[in-house]
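*Asks:* attaching a predicted model along with its sequence, questions to come.
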Amino acid sequence: MTTLVHGSDTLTRDALTVLQPGFVGTTAPDWLRRHIGEGLSSVGLFGRNIVSPEQLAALTAQLRAERDDVLVAIDEEGGDVTRLEVKQGSSFPGSYALGSVDDVELTRAVARELGRRLAQCGVDLNWAPSADVNSNAENPVIGVRSFGPDPDLVARHTVAYVDGLQGVGVAACTKHFPGHGDTNVDSHDALPRIDVDLATLHARELVPFRAAIAAGTKAVMSAHILLSALDPHRPATLSPQILTGLLRQELGFEGLIVTDGMEMQAVAATYGIERGSVLAIAAGADAICVGGGLCDEDTVLRLRDALVDAVRTGELPEERLADAAARVRALAAWTQSHRARGAESTPGAAVQEGTAPGADIGLVAARRALKVTRGEQPYTPISSAPYVASFTPVANFAVGDETPWGIAAELERLLPGTETGSYAEASVDAILAAAGERRIVAVVRDAHRHPWMTEALDGLLAARPDTVVVEMGLNEAEPRGALHIATHGAARVCGRAAAEAVAGTGS
């Protein structure tokens with residue numbers, strides 16, 4: 001049995017190595033730097049840690065001053081889920097927009113440019129792409145984060161995205177295994193359950209993951225979902241049948257298995273994060289993601305000690321923990337070698353947005369993703385400042401409520417004097433009063449999931465048939481309005497593309 005001496009012995013270092021904690025602040029706190037020196041091999045970044053590319057580069061350099069092979073991970077999907085541009089909105093459309101265009105070279109180019117920006121800032125593991133097949137249009141947490149509802153389409157774009165990221169030295173983490181698309185519950189809030197048979201699972205959910213594994217994805221992230229056909233008792237993250245039996249043995253994945261955030265209620269509410277983390281490593285996971293919610297030193301110490309105690313009591317085989325830690329270090333070595341090659345090829349490269357060839361690829365993609373449907377009457381582009389009525393649903397946790405969305409800011413740029421109002425319920429009279437004589441642009445997000453949005457659109461279109469409707473979520477509802485614009489996502493560039501269409505200035 002290993003003798004426990006915190007900070008120095010092999011067992012404790014392995015326990016720290018498998019953790020991927022977040023932290024608060026835009027510089028590395030002392031406790032985090034200390035534990036990196038003691039063996040912590042990964043750090044997870046979120047919007048709260050990022051102000052600018054320059055600041056992010058300084059932060060990652062600060063982390064690597066403690067050890068140069070530390071893995072710096074981020075949850076940067078582009079589109080609705082952005083951490084690099086959490087306060088501005090993403091320069092890249094998300095997966096649903098890319099899937100709607102269905103040009104794998106475009107997807108690869110977008111992922112490559114996103115990866116270039118991450119690498120330039122010192123980030124080398126991206127918890128993306130989402131390989132979920134969004135087969136349930138009522139899904140509250142995946143939606144536009146998926147390339148679409150067709151398994152083969154999702155597979156080919158997942159592969160292109162993995163290729164794009166990893167081609168510039170950023171490890172892809174394909175998620176959420178074995179597929180979060182057919183759920184109507186957000187695993188941040190509760191435990192989703194999928195009751196499909198194995199044949200359906202293999203023909204639908206697993207198709208993109210098989211393709212990603214064949215393409216060499218360096219990591220796979222598990223989902224906190226219960227698949228009764230595989231394991232009726234434990235969610236995938238804690239299931240040996242799913243992580244070891246299916247992912248490792250049947251699908252042959254040899255890379256890093258990362259858990260989704262262990263503080264999410266689907267696991268934490270039932271098992272707690274300490275017990276959940278032990279069960280996840282025992283089931284076959286290699287890295288414990290924790291810290292999408294606030295994470296501090298106490299959390300890291302509790303998880304470290306829980307893993308060490310589980311080994312000492314025989315609940316967790318020491319060999320399993322050592323294997324997990326070895327996989328983390330192997331990925332760290334891969335990313336470190338890519339950083340070294342990148343530094344040699346581009347010495348002194350500036351950390352600036354939009355300086356490299358292909359920097360406008362996000363806007364190009366967003367424009368291509370627009371689907372514009374004209375109403376029965378000829379559409380006259382809006383040439384004077386309109387009124388934008390934004391119907392705002394409650395944001396899911398993955399997207400967050402910090403990131404702006406919509407088209408008002410972009411319309412203001414094109415049509416100065418544009419005014420806007422945000423509505424969380426059907427308020428037709430209030431909108432009409434606020435708009436006055438101005439043309440109305442109604443902006444919705446997943447109108448098919450929110451009856452109050454449909455009610456509001458009914459009232460607006462009855463009163464003002466020249467209203468323009470912009471759908472920035474799933475394009476499931478029937479087109480309506482003088483002009484109906486489906487952006488297939490709510491990224492900033494999607495808003496710009498839509499504003500160009502409204503004003504008739506699109507290229």
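*Replies:* That came through fine.
*Asks:* give the helix, strand or coil label for the residue lying closest to residue 85 once chain neighbours are set aside.
*Replies:* Nearest residue to residue 85, sequence neighbours excluded (C-beta to C-beta, 6 or more residues apart in numbering): residue 91, at 6.3 Å. Yep, even glycine has a C-beta here, placed from its N, CA and C like the rest. Following DSSP: H, G, I helix; E, B strand; the rest coil, residue 91 is assigned to coil.
*Asks:* so residue 91 sits right up against residue 362, yeah?
*Replies:* Yes - under the criterion of C-beta atoms under 8 Å, residue 91 makes contact with residue 362 at 4.4 Å.
*Asks:* for this structure, which strand extends over the most residues?
*Replies:* If you go by DSSP state E, the chain has its longest strand at strand 171-177.
*Asks:* three-state assignment of residue 426?
*Replies:* What three-state DSSP gives for residue 426 is coil.
*Asks:* can you pull the phi/psi pair for it?
*Replies:* phi -70, psi 110 (degrees, to the nearest 10).
*Asks:* look up how far residue 115 lies from it.
*Replies:* Computed with C-beta to C-beta, to the nearest Å, the distance linking residue 426 and residue 115 is 42 Å.
*Asks:* out of these two, which sits in the busier spot?
*Replies:* residue 115 (26 against 20; other C-beta atoms under 10 Å).
*Asks:* so which helix or strand takes in that one?
*Replies:* Using DSSP states H and E, residue 115 maps to helix 104-120.
*Asks:* with residue 233 instead?
*Replies:* Counting by DSSP H and E, residue 233 is found in no helix or strand.
*Asks:* identify the residues contacting it.
*Replies:* By C-beta atoms under 8 Å, 6 or more residues apart in numbering, the contact list for residue 233 is empty.
*Asks:* check what pLDDT it gets.
*Replies:* For residue 233, the pLDDT comes out at 93.
*Asks:* residue 341 now?
*Replies:* Per the predicted model, pLDDT is 78 at residue 341.
*Asks:* which residues touch the nearest residue to it once chain neighbours are set aside?
*Replies:* Spatial nearest neighbour of residue 341, chain neighbours left out: residue 169 (7.3 Å); criterion: C-beta to C-beta, 6+ apart. Taking C-beta under 8 Å, 6+ apart, we find residue 169 in contact with 115, 119, 124, 335, 338-339, 341-342.
*Asks:* what's the answer for residue 369, then?
*Replies:* 93, 97-98, 100-101, 487-489, 494, 497.
*Asks:* could you redo the last one with a cut-off of 10 Å?
*Replies:* 93-94, 96-101, 106, 486-489, 491, 493-494, 497 (C-beta atoms under 10 Å, 6 or more residues apart in numbering).
*Asks:* would you mark the buried spots in stretch 495-507?
*Replies:* Neighbour counts over stretch 495-507 (16 or more other C-beta atoms under 10 Å) mark 495-503 as buried.
*Asks:* from those residues, pick the one nearest residue 251.
*Replies:* residue 497 (37.4 Å; C-beta to C-beta).
*Asks:* that closest one touches residue 368, doesn't it?
*Replies:* Yes - contact criterion C-beta atoms under 10 Å: residue 497 and residue 368 qualify, at 8.6 Å.
*Asks:* find residues that contact each of these two.
*Replies:* 93, 97.
*Asks:* need the next SSE after the helix or strand harbouring residue 366, C-terminal direction.
*Replies:* In this assignment (DSSP H and E), residue 366 forms part of helix 361-369. The element immediately downstream of helix 361-369 (helix or strand, assigned by DSSP H and E) is strand 371-374.
*Asks:* so what does that next one touch, helix or strand wise?
*Replies:* For strand 371-374, the elements it packs on are strand 483-486, helix 492-503, judged by 3 or more C-beta pairs under 10 Å, 6 or more residues apart in numbering; DSSP states H and E.
*Asks:* adjacent strands (with direction) for it?
*Replies:* strand 483-486 (antiparallel) (DSSP bridges).
*Asks:* who touches the strand it pairs with?
*Replies:* For strand 483-486, contacts defined as C-beta under 10 Å, 6+ apart pick out 96-97, 100, 369-375, 379-382, 407, 441, 443, 466-479, 494, 497-502, 504.
*Asks:* only the C-alpha atoms, please, for that strand, written as PDB.
*Replies:* Output of strand 483-486 as PDB, limited to C-alpha atoms (Å, rounded to 0.1, in the frame of the first residue of the first chain):
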ATOM      1  CA  LEU A 483     -39.500  37.800 -44.400                       C
ATOM      2  CA  HIS A 484     -38.500  34.700 -42.400                       C
ATOM      3  CA  ILE A 485     -34.800  34.300 -41.700                       C
ATOM      4  CA  ALA A 486     -33.400  31.200 -40.100                       C
END
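*Asks:* what's near enough to touch residue 235?
*Replies:* Contact analysis of residue 235 by C-beta under 10 Å, 6+ apart lists 187, 191-193, 222-227, 242, 260, 264, 266-267, 270-271, 276, 279-280, 283.
*Asks:* once you drop chain neighbours, what's closest to it?
*Replies:* Take residue 235 and drop its neighbours on the chain: the residue closest to it by C-beta to C-beta, 6+ apart is residue 224, 4.8 Å away.
*Asks:* neighbours of the residue nearest to residue 85, just the number please.
*Replies:* By other C-beta under 10 Å, the residues close to residue 91 number 25.
*Asks:* and the pLDDT for the residue most central in space within the chain?
*Replies:* Centroid check for the chain by C-alpha atoms, centre = their mean gives residue 77 as the closest residue, at 4.0 Å. Looking at residue 77, its pLDDT reads 93.
*Asks:* list buried residues within the contacts of residue 369.
*Replies:* Buried among those (16+ other C-beta under 10 Å): 93-94, 96-101, 106, 486-489, 491, 493-494, 497.
*Asks:* before we move on, the earlier item: now, the most widely separated pair of the contacts of residue 169?
*Replies:* The most distant members of those, if one measures by C-beta to C-beta, are 115 and 341, lying 14.1 Å apart.
*Asks:* where in this structure is pLDDT low?
*Replies:* Along the chain, the parts satisfying pLDDT under 70 run over 1-8, 184-190, 293-294, 342-359, 394-401, 506-507.
*Asks:* go through it and flag its longest helix.
*Replies:* Secondary structure of the chain per DSSP state H: the longest helix is helix 318-345.
*Asks:* count of neighbours near the closest residue to residue 387 other than its chain neighbours?
*Replies:* Of all residues not flanking residue 387 in the chain, residue 435 sits nearest, at 3.7 Å (C-beta to C-beta, 6+ apart). Here the count is done by other C-beta under 10 Å, and residue 435 has 21 residues near it.
*Asks:* could you do the one 10 residues further on as well?
*Replies:* By other C-beta under 10 Å, the residues close to residue 445 number 26.
*Asks:* check contacts around it.
*Replies:* Residue 445 neighbours (C-beta under 10 Å, 6+ apart): 80, 143-144, 390-393, 395, 399, 405-406, 453, 470-474, 487, 489-490.
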